[in-house]
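Chemist: got a predicted model here, sequence first, then my questions.
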Amino acid sequence: MEQSQVIRLMLVCEDRVFAGRLLRVLREAEPGSLALVGTVAGCEEACTLVGRAHPDVVLLDLDTAGFEGIGRIGAQSTALILAVAGERDTAAGARAVRAGARGIVQKTDAPETIRKALRKVKEGEIWLDRRTSSQ
């Protein structure tokens, strides 16, 4: 992958098992496509790190930071935020976008789906599944 297409990623997630598994599968599928600039377990840490690390995309676990975390982190940086939801809740996607996220993926989504969502969000697109976007 070209250097200009590398996604500088910051992960906000307190679930270490999920975070570790997610990062491993994202890196293995497309080596060199991600540059992890930070992993934090809370919104306060994310607000501090986002200004120093300059990620392209923040992958934010809603179970960790909630919808209010989207706005707080977004106010600290120009990074694009892709929310991660633990449950398939179509209202969560619309609510996340209203809070400032560029889209939402589910923890149960296939790694390919999450990788595609990260790329699309970095390219400036909104990422929502069909059920969410039809609301």
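Modeler: All right, it came through fine. None of the values given here were measured: they were computed from a predicted structure. Residues are numbered from 1 along each chain as shown.
Chemist: is the spatially most central residue of the chain in a bridge, and if so with what?
Modeler: Among the residues of the chain, the one closest to the centroid is L59, at 1.9 Å (C-alpha atoms, centre = their mean). When bridges are taken as DSSP bridges, the partners of L59 come out as L11, L82.
Chemist: now do the strands in this protein.
Modeler: For the chain, applying DSSP state E gives strands covering 7-12, 34-40, 57-61, 80-85, 103-106.
Chemist: TSV please, covering those and showing distance to C47 and mean pLDDT.
Modeler: Quick note: C-beta positions are derived from backbone N, CA and C, even for glycine. Formatted as TSV, the entries for the strands of the chain read as follows, by distance: least, C-beta to C-beta, whole Å; pLDDT from 0 to 100:
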stretch	distance to C47	mean pLDDT
strand 7-12	10	95
strand 34-40	9	92
strand 57-61	11	96
strand 80-85	12	96
strand 103-106	20	93
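Chemist: put together JSON lines for those strands, with distance to L118 on each row.
Modeler: Putting those into JSON lines (distance: least, C-beta to C-beta, whole Å) gives the following:
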{"stretch": "strand 7-12", "distance to L118": "6"}
{"stretch": "strand 34-40", "distance to L118": "8"}
{"stretch": "strand 57-61", "distance to L118": "6"}
{"stretch": "strand 80-85", "distance to L118": "6"}
{"stretch": "strand 103-106", "distance to L118": "9"}
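Chemist: related to what we said a few turns ago, quick one: contacts for the residue nearest to the centre of the chain?
Modeler: L59 is in contact with 9-13, 22, 82, 84, 118, counting by C-beta atoms under 8 Å, 6 or more residues apart in numbering.
Chemist: how about a cut-off of 10 Å?
Modeler: When contacts are counted by C-beta atoms under 10 Å, 6 or more residues apart in numbering, L59 is found next to 7, 9-13, 19, 22-23, 26, 39, 81-84, 105, 114, 117-118, 121.
Chemist: how about L36?
Modeler: Applying C-beta under 10 Å, 6+ apart as the definition, the contact partners of L36 turn out to be 7-11, 23, 26-27, 53, 55.
Chemist: and it, what are its bridge partners?
Modeler: Beta-bridge partners, per DSSP bridges, of L36: L9.
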